[in-house]
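K.L.:
got a predicted structure plus its sequence, pasted below:
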Amino acid sequence: METATGSIVAYWLMNILYAALIVFVGRIVVKWLIKLARKLMVRANIDPILINFFSMIANAILLLFVLIAALDQLGVDTTSMIAVLGAAGLAIGLALKDSLQNFAAGVMLIMFRPFKIGDFVEAGGAMGVIENISIFNTIMKTGDNREVIVPNGMIYGDTITNYSARDTRRIDMVFGIGYDDDLLKAKKIITDIVINHEKVMADPEPVIRISELADSSVNFDVRPWVAAGDYWPVRAELIETIKLTFDKEGISIPYPQMDVHVNKITAAEDNAA
């Protein structure tokens, strides 16, 4: 009896020893594999955010396999455990569907880089300067210094307008003058102001032309090119300078108006009708 008991104890001690050895060696192997994978991802110029995230996920999965192997050595039914883990993973995946969508979108944003930190963009129903791109969301700073956190799924599933992607931008403006005003004089005023502005580019050449004979005004399209960073200041300066010069030179900028003609009907005409 004592011999049988001793054999059982020795058997379990050996299994425990083997299981501990599996865990010890497994951790060393996992650490080495993760280190190798990180080096390969760095050589492939993968973003550090993705490297850290994938390393964390891979480390957790590999350690789980090591743990299952150790439990199998101890005689635990790992088949049923794997089935339970699979069902739990499916349930968690369904519960975190939106989070997984944001994660997948975050991976795509980081890999393909439609914008970078510091760019001024319009995406996901928000507009601002990109401050941070994480796995699940993107942080923007608006022009009035508000912080907007947008889920990556909303950004990647929508149109992305990156105003900083190009070095230059075209300013599109419309100026209207009255029908009684001097057309050529107004065009010369606009042209002189635009081409003499120090930040307006000569190439491409600014476009200044009549675009429409509207209900209340003759409209000019004014389209100069500037450096992307000068867009808003130059636009404001041009509008202000043109308006002040128009006022000084007697060029009117009409507002929408409607002429109402009233036909007076006399009492005699009314009775005859």
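P.N.:
Ah, there it is.

K.L.:
can you list the domains in this structure?
P.N.:
Using automatic domain parsing, the domain ranges for the chain come out as 2-95, 114-162, 168-249.

K.L.:
for the longest one, what is the average pLDDT?
P.N.:
Put plainly, it is domain 2-95. Averaging pLDDT along domain 2-95 yields 74.

K.L.:
for the second one, same thing?
P.N.:
Per-residue pLDDT values over domain 114-162 give a mean of 89.

K.L.:
residue contacts, Lys141?
P.N.:
For Lys141, the contact set (C-beta atoms under 8 Å, 6 or more residues apart in numbering) comprises 128-129, 131, 147-148. Backbone N, C-alpha and C define where each C-beta goes, glycine included.

K.L.:
if we go to 7 Å?
P.N.:
By C-beta atoms under 7 Å, 6 or more residues apart in numbering, Lys141 lies in contact with 128-129, 131, 147.

K.L.:
that one and Asn132: what is the separation?
P.N.:
10 Å (C-beta to C-beta, to the nearest Å).

K.L.:
and the domains of the chain: which comes nearest Tyr255?
P.N.:
Among the domains of the chain, the nearest to Tyr255 by C-beta to C-beta is domain 168-249 (7.1 Å).

K.L.:
first vs last residue of the closest one, how far apart are they?
P.N.:
Its first and final residues considered, domain 168-249 spans 32 Å by C-alpha to C-alpha, to the nearest Å.

K.L.:
list the contacts of stretch 189-207.
P.N.:
Contacts for stretch 189-207 (C-beta under 7 Å, 6+ apart): 168, 175, 208, 220-226, 230, 234, 237-238, 241-242, 245-246, 249, 251.

K.L.:
pretty sure Gln101 contacts Asn152?
P.N.:
No: using C-beta atoms under 7 Å, Gln101 is not in contact with Asn152, being 8.3 Å away.

K.L.:
who has more neighbours, those two?
P.N.:
Legend: neighbour count by other C-beta atoms under 10 Å for Gln101 and Asn152, higher for Asn152 (25 against 17).

K.L.:
where exactly do the helices run in the stretch 101-250 of the chain?
P.N.:
With DSSP state H, counting those that start in this stretch as the criterion, the stretch 101-250 of the chain has helices at 152-156, 183-195, 231-249.

K.L.:
mean pLDDT lowest where, among these?
P.N.:
Among those, helix 152-156 scores lowest, at a mean of 89.

K.L.:
using PDB, write out every CA atom in it.
P.N.:
This file holds the C-alpha atoms of helix 152-156, laid out as PDB (Å, rounded to 0.1, in the frame of the first residue of the first chain):
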ATOM      1  CA  ASN A 152     -11.800  55.100 -35.500                       C
ATOM      2  CA  GLY A 153     -14.800  53.200 -37.000                       C
ATOM      3  CA  MET A 154     -16.600  56.500 -37.700                       C
ATOM      4  CA  ILE A 155     -13.500  57.900 -39.400                       C
ATOM      5  CA  TYR A 156     -12.500  55.000 -41.600                       C
END
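
K.L.:
the residue nearest to Thr159 when sequence neighbours are not counted pairs with what?
P.N.:
Computed as C-beta to C-beta, 6 or more residues apart in numbering, the closest residue to Thr159 that is not its neighbour in sequence is Ala123, at 7.4 Å. Here Ala123 shows beta-bridge partners Ala126, assigned using DSSP bridges.
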